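Colleague: Curious how this folds, go ahead:
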Amino acid sequence: LKNTNNQLSSLMQNLVPNNLKNIIKNSKIWLRHRSQYTNLYHCCVHKTASQWLQALFCDSRVYRYSGLKLCPNGQVRRGGYGIVETNSEKFPEKTIAGSLHISFENYLAIPKPDNYKTFFVMRDPRDIVISNYFSVKYSHVPNGNILEQRQTLNNLSLTEGIIYTIEHLQNWGLFAALDSWIDAPKKDPKVKLFKYEEITAKNNFVVVQELLHHCDIKMPDKTLEELLNYHSFVKKTKGRQQGEENQRSHFRKGIAGDWKTYFNEEIEAKFQQATRDLTKRLEYL
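Modeller: Numbers count the residues shown, from 1 in each chain. Next up is the predicted model:
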């Protein structure tokens with residue numbers, strides 16, 4: 001079987017047209033391993049590399065070693081950060097519920113099969129604030145009330161704009177949603193928490209391998225290296241290294257701790273008022 005799959009891969013590279021390659025990569029003949037879990041749930045809050053992870057799980061190499069297809073955010077009714085959704089829908093079986101920006105309470109309201117696994121991606125909320133500020137001001141797709149927020153930010157100073165962003169995220173419920181997941185593994189042992197800072201680091205192989213292991217996605221090391229290289233920050237930005245900033249890019253800077261560049265005493269005071277001991281509870285210094 002291994003030799004057959006290797007021959008198939010070679011044949012696809014040299015002879016098969018691109019449209020047929022995609023058909024084969026989404027068929028059972030492409031599978032090398034099928035995850036024991038009926039569904040996987042990728043939960044998060046905004047600005048935690050959710051689009052990058054969604055692209056990762058949409059990659060045919062993940063399907064090849066899991067047998068699970070991505071069910072993108074928005075295709076199934078479920079709650080977000082606010083009031084608990086009482087009419088959440090069940091996700092299709094054999095899918096990865098991708099990039100669910102959701103509180104733990106709304107996650108619990110989703111009907112689930114007996115056999116599932118969940119991972120939640122957290123991030124230093126101070127970096128979430130800065131990432132959200134630049135995203136809304138420059139690079140975010142103009143949906144919802146983004147254009148209205150963008151106009152407001154363009155009329156404010158940097159400090160005023162970041163304070164406005166903190167207030168918006170607080171009112172939206174993002175900080176409360178982030179807080180709600182802290183003790184989630186104690187309440188649901190099928191949940192595992194991961195940090196954005198580790199998943200997106202340059203040396204992220206081990207932590208992504210741990211995430212895949214949690215989901216029973218048995219991908220060979222070489223394939224995982226290829227996957228991470230293909231979806232790396234450098235590739236996404238066409239050569240820009242992590243730490244090199246482009247404020248107008250969705251992949252703005254790609255490093256942790258950038259909040260230190262922008263926080264001043266006024267911003268820090270507002271942040272502490274809005275989040276209290278959240279950074280400490282999340283174990284960010």
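Colleague: Residue 128 against residue 50, yeah?
Modeller: No. Judged on Cβ atoms under 8 Å, residue 128 makes no contact with residue 50 at a distance of 11.6 Å. C-beta coordinates here come from the backbone N, C-alpha and C atoms, glycine included.
Colleague: roughly how far is the longest helix anywhere in the chain from the heart of the chain?
Modeller: Longest helix in the chain, counting residues (DSSP state H): helix 158-172. Distance of helix 158-172 from its chain centroid, counting by Cα atoms, centre = their mean, to the nearest Å, is 22 Å.
Colleague: quick one: buried residues of it?
Modeller: Within helix 158-172, the residues that count as buried by 16 or more other Cβ atoms under 10 Å are 161, 162, 163, 164, 165, 166, 168, 169, 170, 172.
Colleague: which among these gets closest to residue 197?
Modeller: residue 169 (18.6 Å; Cβ to Cβ).
Colleague: which residue sits closest to the residue sitting nearest the centre point of the chain, ignoring its sequence neighbours?
Modeller: Centroid check for the chain by Cα atoms, centre = their mean gives residue 50 as the closest residue, at 2.2 Å. If the residues on either side of it in the chain are set aside, residue 50 comes closest to residue 99, at 3.9 Å by Cβ to Cβ, 6 or more residues apart in numbering.
Colleague: phi, psi of the residue nearest to the centre of the chain?
Modeller: phi -70, psi -40 (degrees, to the nearest 10).
Colleague: Spit out the contact partners of it.
Modeller: 42, 44, 73, 99, 101, 121 (Cβ atoms under 8 Å, 6 or more residues apart in numbering).
Colleague: out of those, which are inside strands?
Modeller: Judged by DSSP state E, the subset of the contacts of residue 50 located in strands is 42, 44, 99, 101, 121.
Colleague: I'd say the last one and residue 44 touch.
Modeller: So that's residue 121. Yes. Counting by Cβ under 8 Å, residue 121 does reach residue 44; the two are 4.4 Å apart.
Colleague: Quickly list what's touching both of those two.
Modeller: If you check residue 121 and residue 44 against Cβ under 8 Å, 6+ apart, the residues they both contact are 50, 53.
Colleague: who's more crowded, those two?
Modeller: Neighbours per residue (other Cβ atoms under 10 Å) separate residue 121 from residue 44, with residue 44 holding more: 26 against 22.
Colleague: Show the pLDDT at the more buried one.
Modeller: The model reports residue 44 with a pLDDT of 97.
Colleague: For it, list the residues it contacts.
Modeller: Per Cβ under 8 Å, 6+ apart, neighbours of residue 44: 50, 53, 99, 100, 101, 102, 120, 121, 122.
Colleague: neighbour-wise, which of these leads?
Modeller: Of the contacts of residue 44, with other Cβ under 10 Å as the count, residue 102 tops at 27 neighbours.
Colleague: I'd like to know how far the nearest residue to that residue once chain neighbours are set aside sits from residue 276.
Modeller: Spatially, and ignoring its direct neighbours in sequence, residue 102 is nearest to residue 43 (5.5 Å; Cβ to Cβ, 6+ apart). Counting by Cβ to Cβ, to the nearest Å, the gap from residue 43 to residue 276 is 23 Å.
Colleague: okay, the two: which has more neighbours?
Modeller: Per other Cβ under 10 Å, whichever of residue 43 and residue 276 has more neighbours is residue 43, with 27 against 12.
Colleague: quick one: low-confidence parts of the protein?
Modeller: 1-28, 233-255 (pLDDT under 70).
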